[in-house]
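S.K.: I'd like to go over a predicted model; first the sequence, then the structure.
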Amino acid sequence: MASRQFATFEVAGQLFGVEVHTVQEVLSYNEYTPVPLAPPAVGGLFNLRGQVIAAVDLRVQLGMARKALQGPVMNVILRGDGEPVSLLVDKIGEVVDLDDERFEPPPDTLSGPTRELVVGTFKLDGRLMLALDVNQAVDTYRATT
Amino acid sequence: MEDLGEIVGEFLMESHENLDQIDRDLVSLEQEPDSRDLISRIFRAIHTIKGTSGFLAFSRLEKLAHAGESLLSKLRDGVMPVTPSTITTLLATIDGVRSILSSIEETQAEGDVDIDSIIAQVNAQMKAGEAPAAEVPAAAPAAAPAAAPAAEAPAAEAPAAEAEPAPVSVEDTPKRPAPEPVENQRKPIGEILVEQGAAQAADVGSALAQQIEGDERKLGTILLDQGKAKPAAVNEALQAQTPKRSIADSAIRVDVDLLDTLMNMVGELVLARNQLVRGVMEIGDATLVRSAQRLGMITSELQEGIMKTRMQPIEHIWSKLPRVIRDLSNSLGKKVELVMEGKETELDRSLLEAVKDPLTHLVRNAVDHGIEEPERREAAGKGPEGTLTLRAYHEGGHVAVEVADDGAGLNVERIAQKAVENGLLRAEQIPNMDKRDIMAMVFQPGFSTAAKVTNVSGRGVGMDVVKTNIENIGGAVSVDSTPGEGTVWRLTIPLTLAIIQALTVDCGEQRYVVPQVAVLELVFIDGNSTKIEYASGAPVYRLRGKLLPLVRLDRALGLEVGGDQGVYIMVLQADGRRFGLVVDRVLNTEEVVVKALNTRFKDIGLYAGATILGDGKVGLILDVSSLARRSHLAADADRQNMEASARANAGSGTGERLLVTAVGERRVAIPLDTVTRLEEFPRDRIEHAGSREVVQYRGQILPLVRLSHLLGAYGEEPEGDTVSVVVYSEGGRSVALVVDRIVDIAENSTTARRDAEEDGLVGTAVIQQRVTELLDVRRAILAADPNFYTDLENDEMLVEA
């Protein structure tokens, strides 16, 4: 039985997951440099061991209002395409091993921006995890209308 | 096999270096055909290549090198004179060797480079050369007199060497600090001077005699004081005297990647140091402060040292140019003398690489178009031989490289006329334009005033590439020219890319970084003795009586706009324009390491990069020239660029060309064919006719339609005193589409295209990795002018009828 490992995290109470191999590291950081005139989904820039990383606010990407970045915020740093990019999330979950048979395409009732970011649904014990399309999730120029 | 590969690799690297040297030497040999040193050096170099290729079993290479060597040996032995045609043959041989080497590099085999014809050429040359034997004796006596005094000199110097130690051993206090050890390989300075013809043997002899009698001065000094030799000659002799360390002793080859890694690590160290120093200052412990200062100094020195390892003299890229000029001027029947000044000026190697092609292009252009044919030069009262001067020097943290010719100069009227023809300028603009601004039009894409297209230049590609390449590395290009006297092309290049001097400033709650090169001065505005004034809404400051246009950083960044008191004006210079940037506070100057900014922020255009500040936070580095442009300071130039690139792009490529604009947060593309002009109108020129907005434009009433309204794009109206419009004209009628901003010109080659669900659009496509909406132009035009097409169609019907 084929199974995949997912790193999970929560945004606004919903559990999301990305495949573990796309994740570079997870850390909490509390000072972000805003980038004026950047797309709204850009939360800011931060310094990761001398490297400048852009943080994408997943909340905004999901069509929700932006929350002020105050105090430490969790970052899921994705390897990205040559340059690492971070997703700002509310809470980090566990790393889970999931069989393919737990997978289902996104439900038809799911619509809006979330639908565009999600590739499928995994049925976990007691709750659902939405698997994110990593490229879509960090694309800050995606029309968020 | 692995080992052999390494040997071959080293052979290739070494040979390439040797060949470059040979090229240079051959060209100089042509200038001074009697130089035995040059012939021997060329001979040795080619001999080395021959030897090694024999050892590595590259037989064809060996054969070719051997042929070249034979010809050279005739020259060396004085059997044949050095003539331009022998030089040409030798250069051809070197080219042959070079192509075999590149073939080896690519395919590990010698390939099928045609060596036979070159060898035949060499042989023919040798046969021809032996015939006019009469020339040979003529060359021989020339060398003889030079040798004669040289032979005398050692005789004069010899007693000195022996005699000198004698008085020293007798007296306890030596007369001179230490007798210079006269080593075997070190020639006495007197001898060198006599050989160079810079001093008479008799004078040297008498100077030596003076030394023996107790004159404590050095020999060179005595000669200088007596006026028997020139200072420059003595200096040169002293340099010749220092024993030359062989390259193997004084230099090692270092992997460039390793240097890059070291460079990055030093960058990190600089950051860590800045953080530490700041922390230590807060604590205020005296011992710690001292240690931190010491660390600071060591870091700076280390940084400087590492930077130096990456520095190379500009000679590296100049060395290929004598050959380029020789070949080109020969083929054009021109005579060009090359003068190089400041070839020891050093630049970071990555920058050198980037400068190489633009520089070669400028040099070719100068030979092709700058310097005239000998007849024309003589007719103009100049010498038949033109002079091309390459000049490099340091100038305030930058390196300036100039390519100057003494040719006919640029024809400003022609350039202006051409610019009008190409639609880059309007005829009425010309009289008010600065001569240099008109000349700068040659950097526009597709611009060439050459009467005929040659295979060298004149196709109008190139100058814009020169400009782009130099601007990509943070440099600038300019041109100045005097009719009849020549043209100077000037490249200004930053010393290094990685670390810049910068000012940190506060704006709102954030800290920004401004490269110091752009900063001319700082002014504090207290609101009383110094204050910001407004000229019809546009902020200005009286700087020593002249009005300086101001840009508020907070406004430019779309932040909350602050007050006019207690702020600073940074007087900045960019793109040849001067303006003041209003910031809340100027903190300090710092060396910052430039980090590339994530590609997703390239579109914003206001940031040149990012850096880590002393407190560990990320700071954005402002792009001063785009700040100037964004603030409509350079609006004209910008629009011209856009139009020019539109023109240059048209006709090539297969996809449909699109003008990409920004409307609110959306990107809207307009087919370029339907765009007549791009204009910018002051907001206050917009008038109302009925429910429509119009402007007066070229004697017409031009209806406007705001794409943001048409497409229902929400978002605020952009700030600014002008609006960007796209003008569409057909059959004498025009309409203008108002957009927030012109973004770019792009080719629509993608297949990711969807039909529109929205009114006013024909679809959406992915252009430059961004979803872009394609405008339904007909619909937009009708929104501006419902009668636009009706009249046209009526006209057509009339024609048909």
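M.R.: Right, received. Where do you want to start?
S.K.: Counting neighbours, what do you get for residue B:554?
M.R.: Applying other Cβ atoms under 10 Å in any protein chain shown, we find 18 other residues in the vicinity of residue B:554. Backbone N, C-alpha and C define where each C-beta goes, glycine included.
S.K.: what does residue B:305 give?
M.R.: Close neighbours of residue B:305, defined as other Cβ under 10 Å, add up to 11.
S.K.: From chain A, how far off is it?
M.R.: 21 Å (Cβ to the nearest Cβ, to the nearest Å).
S.K.: Tell me the secondary structure of that residue, please.
M.R.: Here residue B:305 takes the helix state, with states given by DSSP: H, G, I helix; E, B strand; the rest coil.
S.K.: wait, what's in contact with it?
M.R.: Not one residue lies near residue B:305 by Cβ atoms under 8 Å, 6 or more residues apart in numbering or on different chains.
S.K.: Alpha carbons only: can I get stretch B:522-531 in PDB?
M.R.: Presented in PDB, the C-alpha positions along stretch B:522-531 are these (Å, rounded to 0.1, in the frame of the first residue of the first chain):
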ATOM      1  CA  LEU B 522      21.300  65.600   3.500                       C
ATOM      2  CA  VAL B 523      19.100  68.500   4.600                       C
ATOM      3  CA  PHE B 524      17.200  68.700   7.800                       C
ATOM      4  CA  ILE B 525      13.800  70.400   7.600                       C
ATOM      5  CA  ASP B 526      12.900  72.200  10.800                       C
ATOM      6  CA  GLY B 527       9.900  73.900   9.300                       C
ATOM      7  CA  ASN B 528      11.300  77.400  10.100                       C
ATOM      8  CA  SER B 529      14.600  78.200   8.400                       C
ATOM      9  CA  THR B 530      14.300  75.300   6.100                       C
ATOM     10  CA  LYS B 531      10.900  74.200   4.800                       C
END
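S.K.: Now do that stretch: everything it contacts.
M.R.: Residues from elsewhere that reach stretch B:522-531 (Cβ under 8 Å, 6+ apart): B:532, B:541, B:543, B:564-571, B:580, B:582, B:586.
S.K.: near chain B, which residues of chain A show up?
M.R.: A:31, A:33-39, A:42, A:44-47, A:50-54, A:83, A:85, A:140-143 (Cβ under 8 Å from any Cβ of the partner chain).
S.K.: Please pick the buried ones from those.
M.R.: A:33-39, A:42, A:44-47, A:52-54, A:85, A:140-142 (16 or more other Cβ atoms under 10 Å in any protein chain shown).
S.K.: What is the burial count for the residue in the stretch 401-550 of chain B positioned nearest to chain A?
M.R.: In the stretch 401-550 of chain B, no residue comes nearer to chain A than residue B:510, which is 6.4 Å away by Cβ to the nearest Cβ. Number of residues near residue B:510 (other Cβ under 10 Å) recorded here: 20.
S.K.: How about residue B:591?
M.R.: Neighbour count of residue B:591, defined by other Cβ under 10 Å: 18.
S.K.: What pLDDT is listed against residue B:495?
M.R.: With respect to pLDDT, residue B:495 has a value of 68.
S.K.: Grab the most central residue of chain A for me.
M.R.: Geometric centre of chain A, nearest residue: residue A:87, 4.8 Å, by Cα atoms, centre = their mean.
S.K.: Now do the helix or strand harbouring that one: distance to the chain's middle.
M.R.: In this structure, residue A:87 is located in strand A:85-89 according to DSSP states H and E. Counting by Cα atoms, centre = their mean, to the nearest Å, strand A:85-89 is centred 6 Å from the centre of its parent chain.
S.K.: which helices and strands does the helix or strand following that strand pack with?
M.R.: The first helix or strand that comes after strand A:85-89 along the chain, using DSSP H and E, is strand A:91-99. Judged by 3 or more Cβ pairs under 8 Å, 6 or more residues apart in numbering or on different chains; DSSP states H and E, the packing partners of strand A:91-99 are strand A:3-11, strand A:14-19, strand A:73-78.
S.K.: which residues touch the residue of chain A found nearest chain B?
M.R.: Per Cβ to the nearest Cβ, residue A:36 is where chain A lies closest to chain B, at 3.7 Å. Applying Cβ under 8 Å, 6+ apart, we find residue A:36 in contact with B:510, B:557-559, B:606.
S.K.: pLDDT score for the nearest residue to it once chain neighbours are set aside?
M.R.: Leaving aside its sequence neighbours, residue A:36 sits nearest to residue B:557 (Cβ to Cβ, 6 or more residues apart in numbering or on different chains; 3.7 Å). We have a pLDDT of 88 for residue B:557.
S.K.: swap in the one 10 residues further on?
M.R.: The pLDDT attached to residue B:567 in the predicted structure is 91.
S.K.: wait, it sits on residue B:583?
M.R.: Yes: under the criterion of Cβ atoms under 8 Å, residue B:567 makes contact with residue B:583 at 6.7 Å.
S.K.: near chain A, which residues of the stretch 601-750 of chain B?
M.R.: B:601, B:603-604, B:606-607, B:610-612, B:616-620, B:665-666.
S.K.: And those, which two are furthest apart?
M.R.: B:616 and B:666 (36.7 Å; Cβ to Cβ).
S.K.: Filter the contacts of stretch B:522-531 down to the buried ones.
M.R.: If we count by 16+ other Cβ under 10 Å, the contacts of stretch B:522-531 have these buried: B:532, B:541, B:543, B:564, B:567-571, B:580, B:582, B:586.
S.K.: by contact count, what packs against the one helix or strand residue B:331 maps to?
M.R.: Residue B:331 belongs to helix B:321-332 when assigned by DSSP H and E. Helix B:321-332 sits against helix B:2-31, strand B:336-341, helix B:349-365, with contacts defined as 3+ Cβ pairs under 8 Å, 6+ apart.
S.K.: Tell me which of these sits nearest to chain A.
M.R.: Proximity to chain A (Cβ to the nearest Cβ) singles out helix B:349-365 among these, at 19.2 Å.
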